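>>> quick one, structure for this:
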Amino acid sequence: MNYRDFSNLGWKVSEVGLGCWQIGWCWGDVNDSEARNLLKKALDQGINFFDTSDTYGDGRSERFLSEILKSKSNKIYVTTKLGRRIRGTNYPRGYKHDPMEEFVDRSLMNLGIDQIDLVQLHCPPVDICKKEETFEKMDQIVKKGKIANYGVSVYNLSEAFESMKFTGVKSIQLVFNIFRQKPIEKFLKEAKRKNIAVIARGPLASGLLSGEINEKTIFPENDHRNYNRNGEAFDVGDTFSGVDFKRGLLAVKELKKILPKEFTLSQLAIKWILSHNDVTVTIPGAINAKQVEQNSKVSEMPEISELIPKIQDIYNQLIKQDVDNKWI
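Now for the predicted structure:
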C-alpha cells in the first residue's frame, strides 16, 4: 500500500481507503459478520483511512468502526460526515447545521472515542458553504477538543470552491471517477494550491465501473441503485454517478476492450483515480472481504499512463454530454 500526505496535518493515509456506506445501509443487506470481516481485511491490506457518516444505518457503520478503533495497533484515521441525520430525531430532511455539536456528541458515542480525527459537513447547500458562521461553529467544536479537524463533502463543485475559501477546511470530498471528470479542469489544481486534501468518493460509479452489472441485473428493494435511479431519495449524482444507465453500460463495454490482462475493470477505474496525484485518497466501498482485497491491491499495480487518452476518448464520446454541465 502506498500512502499520501493529507493536507498539512502530518498524516500519511493509504491512497486506497474504505468507504463504509455499505456496512450501514442502502446496498442490500451486509450482515454483521461480513461487515467485521471486510474491516479486518482492510486493516490487513494496509488501509488506514475509513470514511463513514452518522446517517449510514443511523450510526450502524460508526459502531462497526468503533470496534476496529479499540483493537488497532497502528494509527488509523476515521472520518464521519454530519448534518443530515433525521432518524430518531424531529429534524426535517436536508442539511442542518444548528445541531452540529449534538451530532458530533452522538458520533463520539457511536465511535467510542473522545475526539474525531476529521468531521465532514455532509453535503451542505452552497449558501451554507458561503457563511463564515458555518465554519466559526466548527472552529468552536475544535477548540472544545471534540474534533481535531473538519472538511466538507459536496454534491457540487460550487460548494467545494466556496468551502475552500475558509482556512479551517482541511479536506473536500466529492464524486470523482472515469464517469465524472469535471474536477480535473479547475478543482484539483485549486485544492493542491491550497493544500486541501481531496477525498474521491464513488470511484466505481455505484458498481457500474465494476463491469459486473448489466441490463438484467436486479438490485434489492433496499438498495439505492433500485430506489434512487432518478434521485427520489437523495442526489442522483451519488447513484451510478448520475450517468444514464444504458449509456454507462455502453461505455463499460468500450472500457473492457482496452482492459489490461492483469486488471479487473474495478481496478482500472481505481488506478485511473490514483493516476491523478492531486487526489489524496479514494474510498471504494465493499460488501465483502474479497472486494476489499481486490481494491487495495490497486495501489501496487502498474501505472496506466498509456491508457489515459483512450479512457478520455470513451468519456468524451459517451459520458461527457450527460454530466459535464451538472454538479458544477
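>>> so which residues of the stretch 151-300 of the chain form strands?
Here the stretch 151-300 of the chain has its strands, by DSSP state E, counting those that start in this stretch, at 169-175, 197-201, 281-282.
>>> so which of the ones you listed gets nearest residue 76?
strand 281-282 (12.6 Å; CB to CB). The way it works is simple: take the backbone N, C-alpha and C, and place the C-beta from them, glycine included.
>>> which strands and helices sit next to that closest one?
With contacts taken as 3 or more CB pairs under 8 Å, 6 or more residues apart in numbering; DSSP states H and E, strand 281-282 sits against strand 197-201, helix 265-274.
>>> run the chain-centre distance for it.
8 Å (CA atoms, centre = their mean, to the nearest Å).
>>> any residues touching that strand, and which ones?
By CB atoms under 8 Å, 6 or more residues apart in numbering, the residues outside strand 281-282 that reach it are 4, 6, 13-17, 49, 176, 197-201, 203, 270, 273-274.
>>> one step back: among the strands of the stretch 151-300 of the chain, which is the most enclosed?
Neighbour counts (mean count of other CB atoms under 10 Å) averaged over each of these peak at strand 281-282, with a mean of 29.
>>> show the average pLDDT along it.
For strand 281-282, mean pLDDT is 98.
>>> could you find the closest non-adjacent residue to residue 12?
The spatial neighbour of residue 12 that comes closest, neighbours along the chain excluded (CB to CB, 6 or more residues apart in numbering), is residue 3 at 4.1 Å.
>>> that neighbour: neighbour count?
Using other CB atoms under 10 Å, the number of residues around residue 3 comes to 15.
>>> that one and residue 14 touch, don't they?
Yes. Using CB atoms under 8 Å, residue 3 makes contact with residue 14 at a distance of 5.8 Å.
>>> shared neighbours of those two, anything?
In contact with both residue 3 and residue 14: residue 48, using CB under 8 Å, 6+ apart.
>>> in the chain, what spans have low per-residue confidence?
Confidence mapping of the chain against pLDDT under 70 gives the ranges 27.
>>> list the contacts of the most centrally placed residue in it.
Closest to where the C-alpha atoms of the chain average out (CA atoms, centre = their mean) is residue 201, at 2.8 Å. By CB under 8 Å, 6+ apart, residue 201 lies in contact with 19, 51, 153, 173-176, 238, 282-283.
>>> ok, those residues vs residue 291, which is closest?
residue 19 (11.2 Å).
>>> may I have the beta-bridge partners of that closest one?
residue 51 (DSSP bridges).
>>> tell me how many other residues surround it.
26.
>>> could you do residue 245 as well?
The number of residues packed around residue 245, counting by other CB under 10 Å, is 15.
>>> how about it, nearest residue that isn't a chain neighbour?
residue 229 (7.2 Å).
>>> mind listing the helices for the stretch 101-250 of the chain?
Assigned by DSSP state H, counting those that start in this stretch, the helices in the stretch 101-250 of the chain fall at 126-130, 132-143, 157-163, 187-193, 224-227, 245-257.
>>> tell me which of those sits most buried.
Note that of those, helix 157-163 is the most buried (mean count of other CB under 10 Å), with a mean of 21.
>>> gap between the residue nearest to residue 245 and residue 288?
Counting by CB to CB, to the nearest Å, the gap from residue 229 to residue 288 is 24 Å.
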